[in-house]
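*Asks:* fold the following and give me the result.
(one chain, ligands or ions: 1)
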Amino acid sequence: MIELTEFQRKLAQMLPETELRFDEPLSRHTSFRIGGPAEAMAFPKTREELGNVLKVSALLDCKSAILGAGTNVLAPDDGLPGLTICLKDCLGGMKRVDGERIRLMAGVTMTRGAVFAAKEGLGGMEFAHGIPGTVGGGVYMNAGAYDGSLSQIVETVEVMDFSGNIRQLSNAQMDFSYRHSRLEETGEIVLSAVFHLTPKPTEQIQARMRELLQKRTASQPLDLPSAGSAFKRPVGGYAAALIDQAGLRGFRVGGAAISNKHAGFAVNLGGATAADVQSLLTQVSDWVYEASGIRLEPEVRIW
Ligand SMILES: Cc1cc2nc3c(=O)[nH]c(=O)nc-3n(C[C@H](O)[C@H](O)[C@H](O)COP(=O)(O)OP(=O)(O)OC[C@H]3O[C@@H](n4cnc5c(N)ncnc54)[C@H](O)[C@@H]3O)c2cc1C
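*Replies:* Numbers count the residues shown, from 1 in each chain. Reported below is the predicted structural model:
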């Protein structure tokens with residue numbers, strides 16, 4: 001039998017009601033399929049349970065990380081000490097608020113949220129259909145595609161801080177910018193968000209979602225593990241075009257490579273480590289800088 005560490009034993013004692021997993025491979029929870037064991041992973045199903053988990057984490061003075069669907073995270077090969085709190089499929093629920101608004105809980109995927117909005121005859125979220133993350137991760141990242149971004153449709157965000165206090169933030173308070181929100185600085189956790197949408201016939205919304213999905217499938221390497229665009233879009237250019245111009249399509253480090261299908265994606269060809277991906281991103285950024293004078297910054301969160 002595997003022996004629990006002192007920390008793991010205490011967690012199990014203090015959180016008897018919460019689903020906990022110990023030494024859980026992060027590779028099972030990231031779209032890159034990369035990452036060593038999380039010392040402890042918690043799956044709180046309600047905001048009360050999440051508040052309790054945070055309280056215990058503070059009492060035990062342990063490091064905590066928040067994970068959504070893991071579609072924009074490069075998790076370390078050595079794993080993560082402390083507690084990783086996974087919210088995908090945990091904080092769930094979708095509700096129509098009024099004629100133009102829906103509330104989506106943080107653990108709902110953006111694709112499910114967009115499908116729900118379409119069924120309700122509310123347009124404006126079509127661009128998010130096909131982004132594989134959760135609403136929580138999407139709000140944190142200000143996820144976007146095809147000229148849309150969550151900042152354009154989010155009206156309010158309900159957040160919890162690490163002391164368990166809950167507050168509502170307006171769109172303006174979220175300090176949204178390209179792939180950024182205030183949460184990066186404050187560490188607050190998204191519980192839910194209200195989206196202000198526009199009434200539109202369901203068939204029109206669904207047709208647009210199908211069109212965008214076809215574009216994605218045609219241009220992106222969806223058959224290989226990745227975290228989507230590896231780099232943020234630089235001012236005055238596109239990362240994929242700059243990588244292509246530097247001759248780096250297909251460039252490989254260990255099991256990680258720049259996709260042959262889309263030069264903006266770093267993919268796991270099989271057995272890639274976080275070290276492979278990091279080395280790939282650093283080398284690509286350096287080569288592109290040498291070729292174009294433009295410095296690419298990773299979009300993927302390197303933990
Ligand atoms: C094939 C593919 C295509 C993609 N296409 C796009 C695209 O078109 N546009 C785009 O913007 N992105 C895209 N992505 C990247 C990714 O899906 C988005 O960044 C998404 O918003 C991440 O959500 P997540 O739930 O997976 O977050 P995670 O990857 O789990 O986490 C990302 C960050 O958000 C934080 N976080 C997660 N949940 C919460 C929460 N509830 N509260 C506070 N912080 C939280 C985490 O701590 C972490 O720092 C793509 C990824 C893949 C694999």
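
*Asks:* show me the helices in the stretch 51-200 of the chain, by range?
*Replies:* Taking DSSP state H, counting those that start in this stretch as the test, the helices found in the stretch 51-200 of the chain are 110-119, 135-141, 183-186.

*Asks:* would you tell me which one of those is buried the most?
*Replies:* Most buried of those, by mean neighbour count (mean count of other Cβ atoms under 10 Å): helix 135-141, with a mean of 28. C-beta here means a position set from N, CA and C on the backbone, and glycine is covered the same way.

*Asks:* list the helices and strands it packs on?
*Replies:* helix 110-119, helix 183-186, strand 189-196 (3 or more Cβ pairs under 8 Å, 6 or more residues apart in numbering; DSSP states H and E).

*Asks:* with respect to Q204, which of those lies nearest?
*Replies:* Of all the helices and strands packed on helix 135-141, helix 110-119 sits nearest to Q204, with 9.1 Å by Cβ to Cβ.

*Asks:* what's in contact with that closest one?
*Replies:* With contacts defined as Cβ atoms under 8 Å, 6 or more residues apart in numbering, helix 110-119 is touched by 94, 102, 104, 123-126, 128-135, 138, 143, 195, 197, 202, 205-206, 209.

*Asks:* hmm, it touching the ligand?
*Replies:* No: using Cβ under 6 Å from any ligand atom, helix 110-119 never reaches the ligand; the gap is at least 7.0 Å.

*Asks:* ok now that helix, how far from the chain's centre?
*Replies:* Mean C-alpha position of helix 110-119 versus that of the full chain (Cα atoms, centre = their mean, to the nearest Å) differs by 17 Å.

*Asks:* distance from stretch 193-210 to the middle of the chain?
*Replies:* 22 Å.

*Asks:* list the buried residues for that stretch?
*Replies:* Of all the residues in stretch 193-210, those buried under the rule 16 or more other Cβ atoms under 10 Å are 193-197, 200, 205-206, 208-209.

*Asks:* contact partners for A227?
*Replies:* 30-32, 71-74, 266, 299-300.

*Asks:* which one (most neighbours) among those residues?
*Replies:* Per-residue neighbour counts (other Cβ atoms under 10 Å) across the contacts of A227 peak at A266, which has 32 neighbours.

*Asks:* following the helix or strand harbouring that one, which helix or strand comes up?
*Replies:* Taking DSSP states H and E as the criterion, A266 maps to strand 265-268. Following strand 265-268 in sequence order, the next helix or strand is helix 274-292 (DSSP H and E).
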